[in-house]
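1. Starting from these lines, generate the structure:
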Amino acid sequence: MAHAVAERGYAATTIADVVRHARVSKRTFYEHYPDKEACFLETYVAMSAELMARVAQAVAASPPAQPVEAAVRMYFTTLDEQRDMVRAFLSEIHAAGPLALAQRRKIHLKFARLLRAAIERAQREGGDVTPLSTDMSIALVGGINELVLCAMERRQKAALSTLADTAIALIHAAIAPRR
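-> Got it, this is the predicted structure:
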C-alpha cells in the first residue's frame, strides 16, 4: 500500500496497484482487508507505531539532559529513512477520508504524549523547563508536522533531519522557564 500510494497517490491507487507491489493476489488482499481504505489505515497505523516506538526508545536511551533532542532527532531520522512513504502518508492522508484524519489525530496525540514524557523526564532530571499542557504539546506536534509537509511540498532534496534544529528550538522556546 505504501509503495502504491507513493507512486500514484491515494485516490488513483487501485487494489491492482497494491497487490502488484505486494506480489500477492487480489484474493489474498481481500482475505486481509475489506477495501483499500482499511489497508491504507492499517499501513498508516503500523508505520506510525514503528516511528513512535523508535522515538520512545531514543528518549529512554538518551542522556539525562537530552530527551527532547533525542526524541526529535530520532523522529526526523526515521522520516528520512522512509521519505517516500512519509510523502505518501502525510500528503495523502486528506484524500483517504475522515477515518484516516481521525487516525492521524490519534497518532499526533501519541506523539504529543511522547514529547510531554520527554520534557517531564528532563524536568525530573534537573532541567529548568516549564511543563507542557496537552494542548501545547499537540500544537508543537502540529508545527513539526507542518515543517515536514512544507519541505515535502517544496520537493526539498535536503534530508528532513535538517529540520530537527528548528523543531528543537521551537520546543525549547515553549518549555523555557517563565520568569
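2. give me the low-pLDDT residue ranges for the protein?
-> 156, 179 (pLDDT under 70).
3. Mind doing that once more with 50?
-> Across the chain, nothing is flagged by pLDDT under 50.
4. Where do the helices of it begin and end?
-> In the chain, the helices defined using DSSP state H lie at 2-8, 15-22, 26-32, 36-61, 67-81, 83-92, 98-124, 134-153, 164-175.
5. List the buried residues in the second one.
-> Within helix 15-22, the residues scored as buried using 16 or more other Cβ atoms under 10 Å are 15, 17-19, 21. Any C-beta I mention is one placed from the backbone N, CA and C, and that applies to glycine too.
6. Just want the angle from that helix to helix 36-61.
-> Here helix 15-22 runs at an angle of 40 degrees relative to helix 36-61 (axes from the mean of the first three to the mean of the last three Cα atoms, to 10 degrees).
7. ok, now how distant is the closest residue to residue 130 other than its chain neighbours from residue 129?
-> Leaving out its chain neighbours, the residue that sits closest to residue 130 by Cβ to Cβ, 6 or more residues apart in numbering is residue 175, at 5.2 Å. Residue 175 is 4 Å from residue 129, where distance means Cβ to Cβ, to the nearest Å.
8. Tell me which of the two has more neighbours.
-> Between residue 175 and residue 129, counting by other Cβ atoms under 10 Å, residue 175 is the more crowded of the two (22 against 17).
9. Now do the residue most central in space within the chain against residue 108, distance only.
-> With distances taken as Cα atoms, centre = their mean, residue 48 lies nearest the centre of the chain, 5.8 Å away. Taking Cβ to Cβ as the criterion, residue 48 is separated from residue 108 by 9 Å.
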